[in-house]
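Trainee: coords please:
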Amino acid sequence: MRVATVLLLGLLLATSTPALAAGPVSDGAVAHLFGYFPKPGLRAEFDAGYRRHLQWHRDRRDPLPWYGWYVTSGKRAGMFVNGSFGAPFAAFDARVDPAGDAADGARNVTAFAEPAFRASYRLRREFSTGFPLERREPTHQVQVFHYRLVPGAVRHFEAVLRGARAALGAQGDTPAYTWYELVVGGAPGYLLMIAREGWAGYDAHAGGLEGVLAAAGRDDLLEALSVSVAAVESEDWSYRADLSSIPPR
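Mentor: Residues are numbered from 1 along each chain as shown. Next up is the predicted model:
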């Protein structure tokens, strides 16, 4: 049965997605993400320390934007995530005083928290419908999906993303979907960030690949999705402007 499903997938992709062989489209924009769990009873101290660390960056005129969120729903609820978006990889070779940054981070951030993860992603513009973070226009919330792929499924999964992008374009009024491909920090996977201004937005648009493809009647791509994804997790992140630093361009 599994073999038949894979053969069907190949036929569907060959007939419905002629751009399958196209390479990634990227303008060099990268997302570096870092996660921390505040130590028990020290969340207020962590928040205050992280504000001091952001001030360290401002005092040195760091040109990189740094966004901060707390995960409010999902298995990692309570984790703080900070990230820099929109700069190329090379910008991090020229970052401001790395040794000083690490020392200040140890005093003000990891003294009050346990590091949870760090990962780097490449923006995949051709699959996305909007770029709030690259434009330095964060929304109040973000619905986040983490897709982990089965080995060898990258091309198949990207065919699904092309179909979803076309379906979103046909739907019209939808929140911004921004796709990122994992480069460093785990197994082959993709990150989807859906811009939200509040919980009411879920009434109008649930988000996620399955809903988009089902609404478009793309059963072929739903089948492709089912055999290319090993696991998916969803979260909601709440933006913290007081724990973010967005320098002028």
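
Trainee: what mean pLDDT does stretch 93-104 have?
Mentor: In this model, stretch 93-104 carries a mean pLDDT of 93.

Trainee: Give the buried residues for the helix or strand hosting residue 155.
Mentor: Taking DSSP states H and E as the criterion, residue 155 maps to helix 154-171. Within helix 154-171, the residues scored as buried using 16 or more other C-beta atoms under 10 Å are 154, 156-165, 167-168. In this view, the C-beta of every residue, glycine as well, is placed from N, C-alpha and C.

Trainee: And stretch 208-221, by the same measure?
Mentor: 208, 209, 212, 213, 216, 218, 220, 221.

Trainee: ok, the third one - contacts?
Mentor: When contacts are counted by C-beta atoms under 8 Å, 6 or more residues apart in numbering, residue 212 touches 164, 167, 168, 171.

Trainee: okay if I get the residues you listed as CSV plus pLDDT and distance to residue 93?
Mentor: Output for the contacts of residue 212, formatted as CSV (pLDDT from 0 to 100; distance: C-beta to C-beta, whole Å):
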residue, pLDDT, distance to residue 93
164, 93, 34
167, 91, 39
168, 91, 35
171, 78, 40
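
Trainee: and the closest residue to residue 69 other than its chain neighbours, bridged to which residues?
Mentor: Excluding the flanking residues, the one nearest residue 69 by C-beta to C-beta, 6 or more residues apart in numbering is residue 237, at 3.8 Å. Legend: beta-bridge partners of residue 237 under DSSP bridges are residue 71, residue 142.

Trainee: Residue 237: what's it in contact with?
Mentor: Per C-beta under 8 Å, 6+ apart, neighbours of residue 237: 69, 70, 71, 72, 81, 141, 142, 144.

Trainee: switch to 10 Å and redo it
Mentor: 67-74, 76, 79-81, 83, 139-144, 193, 196 (C-beta atoms under 10 Å, 6 or more residues apart in numbering).

Trainee: host element of the residue nearest the centre of the chain?
Mentor: With the centre of the chain defined as its mean C-alpha position, the nearest residue by C-alpha atoms, centre = their mean is residue 191, 4.0 Å away. Using DSSP H and E, residue 191 falls within strand 189-196.

Trainee: strands paired with that strand, and their directions?
Mentor: strand 141-149 (antiparallel), strand 177-184 (antiparallel).

Trainee: Would you tell me what the next helix or strand after that strand is?
Mentor: Defined by DSSP H and E, the subsequent element after strand 189-196 is helix 201-204.

Trainee: Would you mark the buried spots in that following helix?
Mentor: Buried, per 16+ other C-beta under 10 Å, within helix 201-204: residue 201.

Trainee: contact partners of it?
Mentor: With contact meaning C-beta under 10 Å, 6+ apart, helix 201-204 is reached by 139, 140, 141, 143, 173, 174, 175, 194, 195, 196, 207, 236.

Trainee: Looking at it now, give me its mean pLDDT.
Mentor: 86.

Trainee: Next secondary structure after it?
Mentor: helix 209-215.

Trainee: helices and strands around the helix or strand following that next one, which ones?
Mentor: Note on helix 209-215: by DSSP H and E, the next helix or strand toward the C-terminus is helix 219-228. Helix 219-228 sits against helix 2-16, strand 141-149, helix 154-171, helix 209-215, with contacts defined as 3 or more C-beta pairs under 10 Å, 6 or more residues apart in numbering; DSSP states H and E.

Trainee: Quick one: residues contacting the residue nearest to the centre of the chain.
Mentor: Residue 191 touches 31, 33, 119, 121, 123-124, 144-147, 178-182, counting by C-beta under 10 Å, 6+ apart.
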